[in-house]
Every structure is written in C-alpha cells, then in structure tokens.
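1. When you get a sec, could you give me coordinates for this:
(one chain, ligands or ions: 2)
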Amino acid sequence: MTGTPGAATAGDGEAPERSPPFSPNYDLTGKVMLLGDSGVGKTCFLIQFKDGAFLSGTFIATVGIDFRNKVVTVDGARVKLQIWDTAGQERFRSVTHAYYRDAQALLLLYDITNQSSFDNIRAWLTEIHEYAQRDVVIMLLGNKADVSSERVIRSEDGETLAREYGVPFMETSAKTGMNVELAFLAIAKELKYRAGRQPDEPSFQIRDYVESQKKRSSCCSFV
Ligand SMILES: Nc1nc2c(ncn2[C@@H]2O[C@H](COP(=O)(O)OP(=O)(O)OP(=O)(O)O)[C@@H](O)[C@H]2O)c(=O)[nH]1
Ligand SMILES: [Mg+2]
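-> Numbers count the residues shown, from 1 in each chain. Ligands and ions are numbered 1, 2, ... in the order given. Below you'll find the predicted structure:
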C-alpha cells in the first residue's frame, strides 16, 4: 500500500466524507479501523475481504493510512463499511491517532506466529481507550491461523485476553479467508443494531454471534 504520512490515500477513488448527491446504494455507513503491529496481516486481511485475494510474496509495509469501501447486506440492510488500513509501524502512530475518534469499530489483529504482536495487544488497547470513542466496537483477531506449524500463541490465550477486556475474539486467516468476512459482517450487524432496532427485532450480542459463527482452526475440526 502506498501513501504519504499524514495524508489518506484514496482507496477507491472515492472521497471518504462526501455525502452522495442521489439516493445512495446503502442504508447506513460505518467506519472500521484495522489496528495491530506491523506485519500481522492487516492489509492482507482487508484485501481478502474486499477482493477475495491474498497478497503473497514480499511484505510491503503500509505507509500512513489507506481505506477501502465495501457494502455488505445484513438482515436486509445495506451497510457501507469504510475500512481504514493503518500502518503498524511505530513511526506512523501519530498519523493514525487522528483517525481513531471517527471510528465506530476497530479490528485489532495479532499474529499467532509472533509473540510480541500478542504481547503488544495490551498497549494497543490502552491506546484505543485513550484515542477512540468510548462505545467503539472492538474485536480481537488472531491472524495467520493457517500457519499452524509456526504457532506460538494458543487459541485459548487469545480467548482469555479477549474475555478480560470483554471483546469478541476469533482466529482468522487472510490467506485462506477463514473468518475474514465474518469479522466484518459481525461489525456491520452491530452497527445496524445500534443504528435503530425494529420493534420485532431480537437483541443482538456481537460476542454470542461471533462464538456461534466462527470457524476454529483446531487439529480436529475442519474449517
Ligand atoms: N500465512 C499467512 N501469511 C499472512 C497472512 N496475513 C498476512 N500474511 C503475510 O504477512 C506479511 C504481512 O502482511 P501485511 O498485511 O502487509 O501486514 P500489515 O499488518 O498490513 O503490516 P503494516 O502495513 O506494516 O502494518 C505479508 O508477507 C503477508 O503475505 C495470513 O493470514 N497467513
Ligand atoms: Mg499494511
């Protein structure tokens, strides 16, 4: 991903803030940010969701911040997700801080093959509490679940940490696509629910939804 520090690059050639002049092809919008250490797979995660493709080969670290839009339909509502892909490298932190306050949802990724990316999750959560909206939706994701031979973080460790912070958790793979769409659909459902609940609509609990829908990458279950 290319970009200039401090300036957002146009993901789809579309201005992020502009309201549509005619009837939009969506019912509501939500801003989602991808956060986590450099190399955990944020950009690949977004490309997998947006294009259904995996960026293999040389790792090109994101510079600054970039975004992509995708409209998903949940429970009859079209939700336009504006997804901001941030640079995990420390030197871009001040750039990304400026975007936190506009985000309704944050996907916080670590890499199950990288101990320090998991250890840094607490620091990321501290940063989130400092800069993001108080009611922001947070989801913890253990990415690269396809690389089981190099796993150093057990699934239970991710679950325990997520429980401590009261956030939904699942393991994902930007390579195989495991749980990638689910992460965004869960966010879209939560945003739709928050935007206005119909009288006959049951209440929505994002953690329960994720637990019931997520695929697990254990030895004995098939994903
Ligand atoms: N096997 C595997 N490799 C992955 C996965 N996700 C990302 N990668 C690889 O990990 C490396 C880093 O991926 P990126 O998506 O660029 O990482 P990033 O989090 O965007 O990094 P920054 O932009 O620096 O913050 C790349 O070489 C990817 O091919 C995954 O789910 N499985
Ligand atoms: Mg990136």
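
2. Quick check, pLDDT for the closest residue to residue 166 other than its chain neighbours.
-> Computed as CB to CB, 6 or more residues apart in numbering, the closest residue to residue 166 that is not its neighbour in sequence is residue 207, at 8.0 Å. Backbone N, C-alpha and C define where each C-beta goes, glycine included. Residue 207 is assigned a pLDDT of 95 by the prediction.

3. Residue 207 and residue 165 touch, don't they?
-> No: in this structure residue 207 lies outside contact range of residue 165 using CB atoms under 8 Å: 11.2 Å.

4. How about the residues of the protein by ligand 2?
-> 42, 43, 62 (CB under 5 Å from the ion).

5. Those also near ligand 1: which ones?
-> The subset of these within reach of ligand 1, by CB under 6 Å from any ligand atom, is 42, 43, 62.

6. about what we covered before: run a quick neighbour tally on the residue nearest to residue 166.
-> 15 (other CB atoms under 10 Å).

7. repeat for residue 154
-> Neighbours of residue 154 using other CB under 10 Å come to 11.

8. what residues are up against the residue nearest to residue 166?
-> 166, 167, 168 (CB atoms under 8 Å, 6 or more residues apart in numbering).

9. do the same with residue 180
-> Counted by CB under 8 Å, 6+ apart, residue 180 has contacts 45, 48, 49, 172, 173, 174.

10. which of those sit farthest apart?
-> 49 and 173 (12.0 Å; CB to CB).

11. that older thread, of the ones next to ligand 1 among the residues of the chain next to ligand 2, which belong to helices?
-> Counting by DSSP state H, these place 42, 43 in helices.

12. that older thread, what about the contacts of residue 180, which are in helices?
-> 45, 48, 49.

13. so which helix or strand takes in the residue most central in space within the chain?
-> Geometric centre of the chain, nearest residue: residue 107, 3.0 Å, by CA atoms, centre = their mean. In this structure, residue 107 is located in strand 105-111 according to DSSP states H and E.

14. Need the contact partners of that strand.
-> Applying CB under 8 Å, 6+ apart, the set of residues contacting strand 105-111 is 30-37, 39-42, 45, 100, 117-118, 120-121, 124-125, 128, 132, 136-144, 153, 158, 172, 183, 187, 190-191.

15. how about it against ligand 1, any contact?
-> No: using CB under 6 Å from any ligand atom, strand 105-111 never reaches ligand 1; the gap is at least 6.7 Å.

16. Ok, stretch 84-92 next?
-> Yes: legend: contact between stretch 84-92 and ligand 1 by CB under 6 Å from any ligand atom is shown at 87, 88, 89.

17. swap in stretch 132-146?
-> Yes: using CB under 6 Å from any ligand atom, stretch 132-146 comes into contact with ligand 1 via 143, 144, 146.

18. quick one: which of those residues has the most company?
-> Busiest of those [other CB under 10 Å] is residue 143, holding 29 neighbours.

19. Strands of the chain, start to end?
-> 8-9, 28-35, 65-74, 77-86, 105-111, 137-143, 169-171 (DSSP state E).
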